[in-house]
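Asks: Sequence below, structure please.
(one chain, ligands or ions: 2)
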Amino acid sequence: MRSPKDFFAPLAVGAPEPLRQIPVPPSRMIHFFDPSNEKMAAKVPDLAKKVDVLLGNLEDAVRADRKEAARNGLVAIAKATDFGKTQLWTRVNSLDSPWVLDDLITLVTEIGDKLDVIMVPKVEGAQDIHYVDRLLAQLEARAGLTKPLLVHAILETASGVVNVEEIAGASPRMQGISLGPADLAASRRMKTTRVGGGHPGYLVRTDPTGEDLNAGRTTYQQDLWHYTVARMVDACAANGILPYYGPFGDIRDVVACEDQFRNAFLLGCVGAWSLHPVQIDIAKKVFSPAPEDVAWARRVIAAMGDGTGAVMIDGKMQDDASVKQCRVVAELADALAADDPELAAAYDAATKEASA
Ligand SMILES: CC(C)(COP(=O)(O)OP(=O)(O)OC[C@H]1O[C@@H](n2cnc3c(N)ncnc32)[C@H](O)[C@@H]1OP(=O)(O)O)[C@@H](O)C(=O)NCCC(=O)NCCSC(=O)C[C@H](O)C(=O)O
Ligand SMILES: [Mg+2]
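Replies: Ligands and ions are numbered 1, 2, ... in the order given. Presented below is the predicted three-dimensional model:
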């Protein structure tokens, strides 16, 4: 580990100064596309107008014989596209793969000025982040970059979960962490065969009401990911970085996708991955606070004055702690509304109605 005094020192001569605060532009959906897929690539200019983050995926879901095409495709797309305020991220191949070194060298050298965040899969501990951290510093210095690239880790191995706190604090480049439920399930030897979401067999059942063990007993499906998401959120919040739910693989099941995303939102995540265009609007809806919640939050903040003491609003006690929660919602709403006139109008209309 670096000493606290050196934490913010560049790791290579000529590399840009690390940031002291992670920037928090909207990142409600990290939209995955395969840069070697011509149909997907053709949609990038339009998608860039709709999504918060576009991610050129080089890892899983890209066939081994398409890895170079995906890498070169991303370089070409990044050079040709004006992304406006939309962030461009990439997911490189895993650190033990034959492709990752060329991924990093090529991307930083060719399009390091266009990339915001590099997502690193299958991170097991701080040592993986330290390796990427130093290599990026060397490559940034060589490419003459002035803005440091940020790093996002995927939490998708049992070791990664055990070490999530040290991963979150391993480098000033750490921007955030996403849950990778599919690889994590395999790593843990879970008996699921899905990409995220629940499982009907993971449930609790009410007690028997009589001799018949099958009669009148209700079952409730449980959330397989609750523990890991909560742990990831704490690790991120404690280190000033951002937590995300990852993929929901049942593209047709837009209802359960929305539920999974909302659970993550309520627990503290700022966004999720969209794997298909149909998931973009789900993430946008879920990870933008609801207008009625924003109206309520603004009402509590107004009633609480300097934020201390206790007041009653509609029969509910509000105090220093509830106003802090309301500020989280109201500040997120203001940040999102600043770039979205439609959302701003919906928030203002709900606020007006609530105070009428
Ligand atoms: C899941 C898909 C393979 C489905 O693709 P397809 O069968 O082509 O779907 P559709 O026919 O419904 O597509 C309609 C049109 O939309 C385009 N399309 C589809 N997906 C995307 C996209 N992500 N971005 C842009 N455009 C997209 C299609 O090309 C069709 O176009 P057209 O014919 O012109 O109308 C596919 O969606 C897909 O591959 N998605 C990305 C998958 C992915 O990235 N997977 C990796 C992330 S999840 C993961 O890695 C697990 C994680 O790490 C963990 O461990 O948990
Ligand atoms: Mg994975």
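Asks: When you work out contacts or count neighbours from here on, use the C-alpha atoms and nothing else.
Replies: OK.
Asks: Verify the contact between Pro10 and Pro16 for me.
Replies: Yes: if you go by Cα atoms under 8 Å, Pro10 and Pro16 touch, sitting 6.5 Å apart.
Asks: Overlap in contacts, these two.
Replies: With contacts defined as Cα atoms under 8 Å, 6 or more residues apart in numbering, the residues shared by Pro10 and Pro16 are Ala137.
Asks: Contacts only, for the closest residue to Lys284 other than its chain neighbours.
Replies: The shortest distance from Lys284 to any residue other than its chain neighbours is 5.9 Å, reached at Arg28 (Cα to Cα, 6 or more residues apart in numbering). By Cα under 8 Å, 6+ apart, the residues touching Arg28 are 52-53, 270-272, 283-284, 287-288.
Asks: switch the cut-off to 7 Å
Replies: Listed by Cα atoms under 7 Å, 6 or more residues apart in numbering, the contact set of Arg28 reads 52, 270-272, 283-284, 287.
Asks: gap between it and ligand 1?
Replies: 15 Å (Cα to the nearest ligand atom, to the nearest Å).
Asks: and that residue, how far is that from Asn163?
Replies: Distance, Arg28 to Asn163, using Cα to Cα, to the nearest Å: 25 Å.
Asks: do Ser36 as well
Replies: 34 Å.
Asks: Between these two, point out the one with more neighbours.
Replies: Between Ser36 and Asn163, counting by other Cα atoms under 10 Å, Ser36 is the more crowded of the two (22 against 17).
Asks: Could you say whether the nearest residue to that one once chain neighbours are set aside sits in a helix, a strand or coil?
Replies: Among residues not flanking Ser36 along the chain, Ala70 sits closest, at 4.2 Å (Cα to Cα, 6+ apart). Recorded secondary structure, Ala70: helix (DSSP: H, G, I helix; E, B strand; the rest coil).
Asks: The one 5 residues further on now?
Replies: Three-state assignment for Val75 (three-state DSSP): helix.
Asks: Surely it and Gly112 touch.
Replies: No: using Cα atoms under 7 Å, Val75 makes no contact with Gly112, being 9.7 Å away.
Asks: Name the residue in the two with the higher neighbour count.
Replies: Counted by other Cα under 10 Å, Val75 and Gly112 do not tie: Gly112 has more neighbours, with 25 against 21.
Asks: For that one, give me the pLDDT.
Replies: The model reports Gly112 with a pLDDT of 98.
Asks: which residue sits closest to it in space, ignoring its chain neighbours?
Replies: Leu145 (7.0 Å).
Asks: how near is that neighbour to Val254?
Replies: From Leu145 to Val254 the distance is 41 Å (Cα to Cα).
Asks: For the closest residue to Lys85 other than its chain neighbours, give me its contacts.
Replies: Computed as Cα to Cα, 6+ apart, the closest residue to Lys85 that is not its neighbour in sequence is Asp52, at 8.0 Å. Listed by Cα under 7 Å, 6+ apart, the contact partners of Asp52 are 26-30, 86-87.
Asks: now Glu211
Replies: Neighbours of Glu211 in contact, by Cα under 7 Å, 6+ apart: none.
Asks: For stretch 147-162, give me every contacting residue.
Replies: Residues outside stretch 147-162 that contact it (Cα under 7 Å, 6+ apart) are 16-18, 116-125, 173-181, 183-184, 187-188.
Asks: Now do the end-to-end distance for that stretch.
Replies: By Cα to Cα, the extent of stretch 147-162 from end to end equals 32 Å.
Asks: chain center to that stretch, what's the gap?
Replies: Averaging C-alpha positions (Cα atoms, centre = their mean, to the nearest Å) puts stretch 147-162 11 Å from its chain's average.
Asks: Just the buried positions in it, please.
Replies: By neighbour count on 16 or more other Cα atoms under 10 Å, the buried set for stretch 147-162 is 147-161.
Asks: So which of those would count as near ligand 1 as well?
Replies: The residues of the buried residues of stretch 147-162 that also fall near ligand 1, by Cα under 6 Å from any ligand atom, are Glu156.
Asks: taking the buried residues of stretch 147-162 one by one, which sit in strands?
Replies: 150-155 (DSSP state E).
Asks: hang on, the earlier thing: quick check: the two most widely separated of the buried residues of stretch 147-162?
Replies: Across these, the longest distance by Cα to Cα is 32.9 Å; it joins Lys147 and Ala158.
Asks: tell me which element the residue sitting furthest away from the middle of the chain is part of?
Replies: In the chain, Glu211 marks the outermost C-alpha relative to the chain mean, sitting 48.5 Å out by Cα atoms, centre = their mean. In this structure, Glu211 sits in neither a helix nor a strand according to DSSP states H and E.
Asks: Ok, Gly246 next?
Replies: For Gly246, there is no enclosing helix or strand under DSSP H and E.
Asks: show me the contacts for it.
Replies: Going by Cα under 7 Å, 6+ apart, Gly246 touches 178-180, 272-273.
Asks: Could you measure from the residue nearest the centre of the chain over to Asp319?
Replies: Nearest to the mean C-alpha position of the chain, counting by Cα atoms, centre = their mean, stands Tyr244 at 2.8 Å. Using Cα to Cα, Tyr244 is found at 29 Å from Asp319.
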